[in-house]
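Student: Fold the following and give me the result.
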Amino acid sequence: MIPSWYTIDKYGEITAGRFHYEQAVELKKFCNIAIFYPFDQDIEEEFAKKYEGGVLTWRSKSWKGKRLKSNINLCKSFHKVVKTFKPDICFVQVASEAGRSASVLCKLYSIPMVLAEHSSPEALGLVKGGKIKDYLLLKFVYSQCACVTCVSRNLTNVLHHYYPKLEIFTVYNGIQPATIIDEVVDSYRMNGAINAVIVGGFYNMEIKGYQYLLPAIKKVIQKGYKIVLHICGDGECKRYYENMAKKLDIAQQCIFHGQCSRKKVYTIVEQSDFFVSASIFESAGMAIQEAMLLGKPVLVTNSGGADSLVTKETGIVVEKGSVQSPVDGLEKMIDIYEKFDVTKIKEYAKKNFEIGHVTEQYIKIFNNILKK
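Tutor: Got it, this is the predicted structure:
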């Protein structure tokens, strides 16, 4: 597997790219798998090899602002991986990043390449002001693939629109089952109020839509609803939105939990009444999938990938990019969230998103390619 992001923190825990690691662990049950991360700017050595969480992992040193040097080292590192591991397939994550290098290297070494596309159409540069060079680069990368998968139906449809000759399959991101929650857990729920939860990093000022959701919470409270919003996630913009909550005088109703472990996120979602996503655009939405796997109804914006995950039986979809839309959605959800069938939501999510089911799809794809 060649991911576009796969970083670890100072404690040795995998942070960005966690779901790549989880998918690798699940695939390990069926095949011999290793991870090659070509863009590591933190390691001291030029090429590192060790087991991380039981998965054989190679890391190639990348230097910021030194593209030529980084690419030369990437080629040398990839050669070492091929020579020792002898991969039958390269499972690449995202065309516009790892896919650019992998498409050339896989062609050079005659290794079939399966590409899983996670980026939104906006991030890929395919919509609203996208550059022709980005379109052509993606076209080249996709043309080198033995198979292309997308993490949502919306993303599949968009790629089909721009690349009609390309064969694409929808394979959702794999989600860990809810069994990681302990029987005895901490209580995060605020009694006497509706508990809503949103999960999303503060790496950008606009994408996750907090600038609309927080004022919407204010308006809903002013209408007499008792609601508390649990916010899981961290990032450089978190302080800005904490200050916004204070200025809106809703700091008591907005609980910023910061960076949370998977277990803590699942626990908070499990104890909440429903899940919210206010994103401006998304390729899919793993937190939305996790919420449904826990049986929670979801309120999402029509951000592309996110709303294509949701059915009438599992949630409500509202317009993105305004304050009034989430206000209307929150009011409606508060009135009807108890009417959703929890069992049906769980069954839908397990059938489509549970990591074991997703892994079976990829193993089938790999086997079909190797039989050709």
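
Student: The protein: helices as residue ranges?
Tutor: Along the chain, counting by DSSP state H, helices occupy 18-27, 67-85, 99-109, 121-124, 132-143, 153-162, 210-222, 238-247, 262-271, 286-293, 324-336, 342-353, 355-371.

Student: Let me see the residues that make contact with the shortest one.
Tutor: Residues from elsewhere that reach helix 121-124, judged by CB atoms under 8 Å, 6 or more residues apart in numbering: 95, 96, 127, 128, 130, 134, 138, 155, 158, 281, 283, 304. C-betas here are computed from N, CA, C, even on glycine.

Student: I'd like to know which of those residues are buried.
Tutor: Buried by 16 or more other CB atoms under 10 Å: 95, 96, 138, 155, 158, 281, 283, 304, out of the contacts of helix 121-124.

Student: surely the first one meets residue 140?
Tutor: No: the pair residue 95 and residue 140 fails to qualify as a contact (CB atoms under 8 Å) at a distance of 9.2 Å.

Student: Minimum distance to residue 311: which of the helices of the chain has it?
Tutor: The closest of the helices of the chain to residue 311 is helix 342-353. By CB to CB, the value is 6.7 Å.

Student: Tell me which residues of that closest one come out buried.
Tutor: 345, 346, 348, 349, 350, 352, 353.

Student: same thing with stretch 240-258?
Tutor: Neighbour counts over stretch 240-258 (16+ other CB under 10 Å) mark 241, 242, 244, 245, 248, 250, 253, 254, 255, 256, 257 as buried.

Student: For residue 202, see how far away the closest residue to the second one other than its chain neighbours is.
Tutor: Closest residue to residue 242 in three dimensions, ignoring its sequence neighbours and counting by CB to CB, 6 or more residues apart in numbering: residue 256, at 5.6 Å. Distance, residue 256 to residue 202, by CB to CB, to the nearest Å: 9 Å.

Student: hey, what's in contact with both of the two?
Tutor: Contacts common to residue 256 and residue 202, judged by CB under 8 Å, 6+ apart, are 238, 241.

Student: Was I right to think residue 137 contacts residue 96?
Tutor: Yes: with contact defined as CB under 8 Å, residue 137 and residue 96 form a contacting pair (7.4 Å).

Student: can you pull the contacts of the spatially closest residue to residue 54 that is not a sequence neighbour?
Tutor: For residue 54, ignoring the flanking residues on the chain, the nearest one in space by CB to CB, 6+ apart is residue 25 at 6.9 Å. When contacts are counted by CB under 8 Å, 6+ apart, residue 25 touches 53, 54, 55.

Student: The last one and residue 37 touch, don't they?
Tutor: No: counting by CB under 8 Å, residue 55 stays clear of residue 37, with 11.2 Å between them.

Student: neighbour count winner among the two?
Tutor: residue 37 (25 against 18; other CB atoms under 10 Å).

Student: Now the more buried one: closest residue in space that isn't a chain neighbour?
Tutor: Distance criterion CB to CB, 6+ apart; nearest residue to residue 37, sequence neighbours excluded, is residue 6 at 4.2 Å.

Student: what about the one you found, distance to residue 123?
Tutor: The gap separating residue 6 from residue 123 is 18 Å, by CB to CB.

Student: Can you pull the residues that touch both of residue 95 and residue 140?
Tutor: Shared contacts of residue 95 and residue 140, defined by CB under 8 Å, 6+ apart, comprise residue 103.

Student: could the buried residues of helix 342-353 be laid out in JSON lines, adding pLDDT?
Tutor: As requested, these are arranged in JSON lines below (pLDDT from 0 to 100):
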{"residue": "345", "pLDDT": "97"}
{"residue": "346", "pLDDT": "95"}
{"residue": "348", "pLDDT": "95"}
{"residue": "349", "pLDDT": "95"}
{"residue": "350", "pLDDT": "93"}
{"residue": "352", "pLDDT": "93"}
{"residue": "353", "pLDDT": "94"}
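
Student: Which member of these is positioned nearest residue 270?
Tutor: Closest to residue 270 out of the buried residues of helix 342-353 is residue 346 (11.7 Å), distances taken as CB to CB.

Student: Distance-wise, check the residue nearest to the closest one when sequence neighbours are not counted relative to residue 319.
Tutor: Spatial nearest neighbour of residue 346, chain neighbours left out: residue 295 (4.5 Å); criterion: CB to CB, 6+ apart. Computed with CB to CB, the distance linking residue 295 and residue 319 is 26 Å.

Student: quick one: low-confidence parts of the stretch 101-250 of the chain?
Tutor: 178-185 (pLDDT under 70).
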